[in-house]
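Engineer: The sequence isn't on hand, but the structure is:
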């Protein structure tokens, strides 16, 4: 029983972060907070990929005498790409928020919606 | 020239005409000359084709095959030829009439008017000559779309609303009912060609045949069976030449023509008889023709009265087909031509009265016969023909339809036909009687209150321009000619009913 | 040279983008973008022809052997999609010259073409790659550039629309990433062909099922499947006209392709349709989308927004074809991808011309515009007829096959629904046509002229294509059929 919870603790963290991030995106009206939520959501996936690649008791995939098991490096490399994408997304999102602030004078989505509905 | 080339010409001439009309928008005289030249050319092509058809040929043309097994193809049989001939001949007459009417009433957007008119005729040719259901459908939809700008010609709120009704009903029924009917036919029969004896026999149960017949008859909204007739009165907001040629001849006849063709070449009258599907159609048509006549009685607006009269007369043709006998089909085919001449005359007269005296309501028409004797004489002849009385051509077609009804033992329907004729007389004759015998109302109703003794309010001739007068006299003469030479028409249509079983007892 | 076509297809626009960024000069950038788009179209056509003749082309990136290296694969299906994307790109760029110059500030124009080229490269990359993770990378390249493109719209609403799209799009892409991760977890491979092999014995696995769910929902967001479509109407309505044309013709189509590729090639027909009620679920969503979004479209006042809602509805038709799970249905769906790209691109092109002259595309603003811009509005009318599905236009052909596919299944009500919903399209298209042709222009409006030739020619090329593919259908139908059979054949 405890094995399931504690032994897989990294996956539980992934799920927790994912849900938290998703919740923030859905529930907040503040555009910056939404982006933070989005970022947490993505980070959860990064963690997930990294966990998948790790083999217990294994080491980094560098050939050394006396070592027989290596972690899978491929997910880590993959997620490097995804991290870059995530950074790009957040920076583009923040740039948009700056422009939105200039155009609407607010970064609260409900206020922006009101103004959109008005014209 | 081969038959295929001629068909292609018949389709392309109106298109080219429309293009030239649009190009010559700066010069009205040139524009109208182009219209007339196009109309004459089209009629010539039709005559040339008709000679071939009389010799027993079947001109065909195959264009492309957009979906597997269903080409865009044309093939002319006698009924389509007759329809093409009538429509193209009356287009010449209407073109002259349009010149008089449009100029006298100072209508705007005349270029669009003439161009769309030509396009509509092109679509009519496509319907008339189509060799399968898909081609028919394309022509049918094109006809709706090209006549829409004519219906909304005045571009005011009223005509836009009428245009919506027009488009909504015609496109709506055709897409929601006719198209599924066609698709279902394809699924059942594996072909959409028109063939003597029909393509559906032996492929479907009686229930399905009944359902399909319903899809077709209500899907062909242009045939104006009740309760989908509302678009026709709505279309009366158009200028009178449009009502005359399109909404008394081309569009509505395209409807009943397609209906008749579907009955004869898709279902086949044998199938209609054996499945019993024709029976309910007979009743719907009968109810429509009586009810529409009654409604016509209540209309004071002359064009509205004529429109309801058209609804009633269209139901004759559907009824003729539904009776599913040789006589019925012959009568239906003839009625397409007979009613065309009669009703176009009546519309021409209505337009002439409007042009000369600016009167639209029947109740205002007291004594106008003395101002417009030629017009009202033509009106009388047209009315007699539509009602089915000598010396109008309509006599014969109604005779055959009644014969078919009697032959199949539908005595009630014979009675309904007689009743309808009486109603026809009841709504037409008061107009004629009032025009000749009632005291003269003031010619300009707007000024009548103050200026009873205005100089132009007195006696004297005040006919419409000659451009209007000559066409309406011609079509009135046509009605009489059709009465005299009805047998020629019969010979023309004979090949169509030759293939049919003798009768459907 | 010939064997390197698959990589050139993607790399050309990818390299051209930074080159444009360095140049920044509006007209030069335009010239580069146009040339690249046309070369891409030529390459795409060559690839499709090769794939049709000789079967799938496999290209090992950097000669790293699959399944370890990244592999590009062109078969009949994605060859078809490549041609659609490249063709829309090739039509849009000439058009963009005037349209973009009018709608964007001078200093942004160079950047516009940078983003456009990135977007093109991303879309082509998604289509051509045979590697699941590579799909994600290209997906993000195209998405990030399209957020930027949309935000360039001149109204401030464009910013908001781009932001919303960014949030939704990122969630979608992340879902997709999770799905791919789960697949990797189970199989240890990312190559699609290899994945298909490795997944066969794992059909009962719940993790594979979860991966399926994540991938379909994630792409469903990008594809704007009802009810995940909320980002789309605003994005298309407020983007610069040229962007609306480009995205409407390509973005959702490519996402749909990814869905098809995964459910047929990777997961397999058996897993997707037999093992679970995916078909019926899709059917319900498709129908709901068609009906609801068509109805919403009727009530729009902004024509571009109206067209955007109609796009969501039309996506429903494509999914409907897919949900039949038959070769004929799939063929109809694929055909509709192609035909819808044509008709919607045409409609948006026409509206771009109107926006150029009037500065607006609201219904009341376009009153009477048919008389001052007859060529533009005739083009709109013809593409509109195609959207409705009038015979002799491309739209008729795909509707015809959809109805046949429904009847083949014996689903009469669905067939009837396809036909009936066409009537809704009549209503919203006619709303525009009526305003443009049959209403008098507002008195205050000055005399406006027809759109410039550089915009009319692309419009009429698309209009002609709409008519041509309704007339002479052997080309499009045969390719769609071949692609559908290949997809279905992959499972038998």
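Structural biologist: Sure, I can see it. Just so you know, these numbers come straight off a predicted model, no measurement behind them.
Engineer: Give me the contacts around the worst-scoring helix or strand of chain B on mean pLDDT.
Structural biologist: Lowest mean confidence among the helices and strands of chain B (mean pLDDT, DSSP states H and E): helix B:486-498, at a mean of 77. Outside helix B:486-498, the residues that touch it by CB atoms under 8 Å, 6 or more residues apart in numbering or on different chains are B:54, B:56, B:77-79, B:81-82, B:264, B:326, B:329-330, B:333-334, B:337, B:393, B:396, B:482. (C-beta placed from N, C-alpha, C; glycine too.)
Engineer: at 10 Å what do you get?
Structural biologist: B:50, B:53-54, B:56, B:58, B:77-82, B:85, B:196, B:260-261, B:264-265, B:269, B:325-334, B:336-338, B:393, B:395-397, B:399-400, B:481-482 (CB atoms under 10 Å, 6 or more residues apart in numbering or on different chains).
Engineer: what residues are up against residue 9?
Structural biologist: Let's take chain A. residue A:51.
Engineer: Not quite, go with chain C.
Structural biologist: C:39-40, C:43-44, C:46-47, C:59, C:72, C:74, C:82, C:85-86, C:121, C:124-125, C:127-128.
Engineer: which residues does residue 46 contact?
Structural biologist: All of this refers to chain A. A:14, A:17, A:75-76, A:78-80, A:82-83, A:86, C:174, C:177.
Engineer: You answered for a different chain; I wanted chain B.
Structural biologist: B:6, B:9-10, B:53, B:76, B:81-89, B:91, B:125, B:128-129.
Engineer: What strand or helix carries it?
Structural biologist: helix B:28-54 (DSSP states H and E).
Engineer: In that helix, which residues are buried?
Structural biologist: B:31-36, B:38-43, B:45-46, B:49-50, B:52-53 (16 or more other CB atoms under 10 Å in any protein chain shown).
Engineer: coming back round to it: from the contacts of residue A:46, which would you call buried?
Structural biologist: A:14, A:17, A:75-76, A:78-79, A:82, A:86, C:174, C:177.
Engineer: Just give me the closest of these to residue C:101.
Structural biologist: residue A:86 (34.6 Å; CB to CB).
Engineer: Show me the helices in chain A, by range?
Structural biologist: With helices called from DSSP state H, chain A shows them at A:2, A:9-27, A:31-53, A:74-104, A:109-118.
Engineer: Where does pLDDT dip in chain C?
Structural biologist: For chain C, the stretches with pLDDT under 70 are C:1, C:443-447, C:490-492.
Engineer: now do chain B
Structural biologist: Residues of chain B that meet the cut-off, pLDDT under 70, sit at B:1, B:441-460, B:498-505.
Engineer: Could you pull out the strands in it for me?
Structural biologist: For chain B, the strands defined by DSSP state E cover B:60-62, B:73-75.
Engineer: What about contact with chain C: does the last one have any residue there?
Structural biologist: In this case it means strand B:73-75. No: figure legend: strand B:73-75 not in contact with chain C (CB under 10 Å from any CB of the partner chain); closest approach 13.0 Å.
Engineer: what's that strand in contact with?
Structural biologist: Counting by CB under 10 Å, 6+ apart, residues outside strand B:73-75 touching it are B:3-4, B:7-8, B:10-11, B:58-65, B:80, B:125-126, B:128-132, B:134-135, B:139, B:192-194.
Engineer: what about 7 Å?
Structural biologist: B:7, B:58, B:60-63, B:129-132, B:135 (CB atoms under 7 Å, 6 or more residues apart in numbering or on different chains).
Engineer: What sits closest to residue A:115 if chain neighbours are left out?
Structural biologist: residue A:104 (5.9 Å; CB to CB, 6 or more residues apart in numbering or on different chains).
Engineer: one step back: measure how far the least confident helix or strand of chain B is from the centre of its chain, please.
Structural biologist: 20 Å (CA atoms, centre = their mean, to the nearest Å).
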